[in-house]
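**Student:** Any chance you can model this:
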Amino acid sequence: MEKLHNNQNTNETSSKKTPLLSDIKVFLHEILDIRKDTDKKGTIEDIKGNISMQGHTAWVLVFSILIASIGLNISSAAVVIGAMLISPLMGPILGVGLSIGINDVDTLKRSLINLGVMVGLSLITSFLFFLIPLFRNETPELLARTAPDVRDVFIATAGGLALIIALSR
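**Tutor:** Predicted coordinates for the structure are as follows:
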């Protein structure tokens, strides 16, 4: 009899918890569900539109690389971050990710070509900046960028995910 009474208490306790857990699950689903506001077609068009590297984009890249180089040279993380915010490098990077995700070989080729051109232009710009003897000293900020670790990968991944979610609205 006592065993039957314990089973009834257990069932009553679990039935009392279920609505609460169910309510929490529904609440969290409503908060975290991004499918309602996602514009798939618009997102794809927006990402494809930002892959190209021409005209204004090239100049914005050159100036963002100059700003980043100056930030590294004066050991200012804030300036380096500011340069990253204006850099158009994310366009072809997102294009690569999108093209892999939707299996679009033409977009992948275009993205990789533009990414290569942008990386090349970035390297040339920073090389020319650091050719100037005045800017050749090794600062702590510059040295910190030469030894990345797993935390840098997590930061980049979280930033990329946040950007793709922001763009999908």
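
**Student:** Domain parsing of the protein, as residue ranges.
**Tutor:** According to automatic domain parsing, the chain comprises the domains 1-33, 38-167.

**Student:** hey, least reliable of those domains by pLDDT?
**Tutor:** Ranked on mean pLDDT, the bottom entry among the domains of the chain is domain 1-33, at a mean of 68.

**Student:** Would you format the domains of the chain as CSV with mean neighbour count included?
**Tutor:** C-beta here means a position set from N, CA and C on the backbone, and glycine is covered the same way. Putting the domains of the chain into CSV (neighbours: other Cβ atoms under 10 Å) gives the following:
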stretch, mean neighbour count
domain 1-33, 9
domain 38-167, 15
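
**Student:** Need the three-state assignment for the residue nearest the centre of the chain.
**Tutor:** With distances taken as Cα atoms, centre = their mean, the residue of the chain nearest its centroid is Gly160 (1.4 Å). Gly160 falls in the helix class when you classify it by DSSP: H, G, I helix; E, B strand; the rest coil.

**Student:** what sits against it?
**Tutor:** Residues in contact with Gly160, defined by Cβ atoms under 8 Å, 6 or more residues apart in numbering, are Ile93, Leu94, Gly97.

**Student:** Distance of it relative to Lys25?
**Tutor:** Computed as Cβ to Cβ, to the nearest Å, the Gly160 to Lys25 distance reads 28 Å.

**Student:** Ok, Ile47 next?
**Tutor:** Distance from Ile47 to Lys25, counting by Cβ to Cβ: 32 Å.

**Student:** how about the strands in this protein?
**Tutor:** Taking DSSP state E as the criterion, the chain carries no strands.

**Student:** So Ile65 is in contact with Phe127, correct?
**Tutor:** No. Applying Cβ atoms under 8 Å as the test, Ile65 and Phe127 come out as separate, 10.0 Å apart.

**Student:** check contacts around the residue found closest to Ile67 once you drop the neighbours it is linked to in the chain.
**Tutor:** What sits nearest to Ile67 in space, not counting adjacent residues and going by Cβ to Cβ, 6 or more residues apart in numbering, is Ala83, at 3.9 Å. The neighbourhood of Ala83, defined by Cβ under 8 Å, 6+ apart, consists of Ser64, Ile65, Ile67, Ala68, Gly71.

**Student:** Any chance of CSV for these, columns distance to Ser168?
**Tutor:** Listed next are the contacts of Ala83 as CSV, based on distance: Cβ to Cβ, whole Å:
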residue, distance to Ser168
Ser64, 24
Ile65, 28
Ile67, 28
Ala68, 27
Gly71, 30
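
**Student:** and of the residues you listed, the nearest to Ala166?
**Tutor:** Each of the contacts of Ala83 was checked against Ala166 using Cβ to Cβ; the closest is Ser64, at 19.2 Å.
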